[in-house]
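A.B. asks: Next comes the sequence, and after it the predicted model I'd like to discuss.
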Amino acid sequence: MKYKNYYAILEVNRKSSDQDIKLNFRRLAKEYHPDKNKEPGAEDKFKDINEAYAVLMDAEKRRKYDRQVAKYGYGFANIESGLQDVKYEFKSGANVFNDILNQILGFRKDSSSQDSDNDIDSVDKKQKPIKGTDIVTHLDVTLEEGFFGAEKKIAIKAYKTGMKTFSVKVPVGIKNGDKIRLAALGNPGKNGGKNGDLIIHVKLLEDNDLKLSGKDFIKEINITPAVAALGGKYKLQVMDEKLFVSLPKRLKDGEIVTVPNKGYTSEDGTRGDLNLKIHIDLPEDISEREEKLYEQLLKIERKREEFNY
């Protein structure tokens, strides 16, 4: 009696591990599955693949097979392992693969399956659990949302489950480039493995009025030459807080005035500083009185220059 070369059918050798055999079985079963492969001979090849897998993954049957092959060589008859009684009945539709697995490998029948890939996944029941892959996306967060914290909605497309919407809590003091990880909201695992995670990359949007540098706010303000020379109170609003800032005398254009502890909020509750960048704004129109005052100021400046010389 001669036997089929089950090792050649699964493209392995006698030294191949169970894991190697499983991997090749999955690949070949998908390739020759009758629902996907309509070429002549694919159906018979599919039978041989499953028959070979059933023998080589059973330690006792594999030993018996190796002994018989050593004695009789390879041919076309089935091994004396009970597999000659297996009857393959190929049907149209996605139930084919489950029927074969029931007959050869003894797995539970699930006639309701509509996906041949799911059928092939059932072969992995005895494999180790595999965690699902993570889903990575991004979320735009305004400076105000980052300052106060917020709850936002995010829609993602997950593997096999389609679009899903989740609520995301944006913590106070979140920074540009920070990651928010939501456990077990990623793609599903295999063989009973845990789901992957949902990883959200945060993009902190720039504000037209406030700029962020580390923990500090930077705000540009316009003041008159008189305020620049003599100082004075400057009223402004940062987030929801109204401030009255005392500007010092003799300010130069481009100079920075720092207001402590009025900057961006950190996760630990501390705040950075508010840096006011000074711009001296020259009026387009001046009154006759203002013009005379500027003339007096100009005379004073010229006398100072003469004195310095």
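C.D. replies: Done, it's in. This one's a predicted model, so the numbers in the text were calculated from it and none came from an experiment.
A.B. asks: check which helix or strand covers Glu301.
C.D. replies: helix 288-308 (DSSP states H and E).
A.B. asks: State the mean pLDDT of that helix.
C.D. replies: Across helix 288-308, the average pLDDT comes to 81.
A.B. asks: Let me see the contact set for Asp66.
C.D. replies: Counting by CB atoms under 8 Å, 6 or more residues apart in numbering, Asp66 makes contact with Arg14. To be clear about C-beta, it is placed using only N, CA and C from the backbone, and glycine gets the same treatment.
A.B. asks: for the helix or strand containing it, which positions count as buried?
C.D. replies: For Asp66, the element it lies in under DSSP H and E is helix 59-72. By neighbour count on 16 or more other CB atoms under 10 Å, the buried set for helix 59-72 is 61-62, 65-66, 68-69.
A.B. asks: If I follow the layout properly, Leu10 ends up in contact with Val55?
C.D. replies: No: using CB atoms under 8 Å, Leu10 is not in contact with Val55; the gap is 9.9 Å.
A.B. asks: Which segments of this protein make up each domain?
C.D. replies: 6-126, 135-204, 211-302 (automatic domain parsing).
A.B. asks: and those domains, which one's lowest on average pLDDT?
C.D. replies: domain 6-126 (a mean of 69).
A.B. asks: any idea which element Tyr53 lies in?
C.D. replies: Here Tyr53 is assigned to helix 42-56, by DSSP H and E.
A.B. asks: same deal with Leu23?
C.D. replies: Applying DSSP H and E, one finds Leu23 within helix 18-32.
A.B. asks: Just the CA atoms of that helix, as CSV, please.
C.D. replies: This file holds the C-alpha atoms of helix 18-32, laid out as CSV (Å, rounded to 0.1, in the frame of the first residue of the first chain):
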residue,chain,number,x,y,z
ASP,A,18,3.4,22.1,14.8
GLN,A,19,3.4,25.9,14.5
ASP,A,20,5.0,25.7,11.0
ILE,A,21,2.3,23.1,10.0
LYS,A,22,-0.5,25.3,11.3
LEU,A,23,0.8,28.4,9.5
ASN,A,24,1.1,26.6,6.1
PHE,A,25,-2.3,25.0,6.6
ARG,A,26,-4.0,28.3,7.1
ARG,A,27,-2.3,29.8,4.1
LEU,A,28,-3.0,26.9,1.8
ALA,A,29,-6.6,26.4,3.0
LYS,A,30,-7.4,30.0,2.2
GLU,A,31,-5.7,29.7,-1.2
TYR,A,32,-7.6,26.6,-2.2
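A.B. asks: This completes my enquiry, with thanks.
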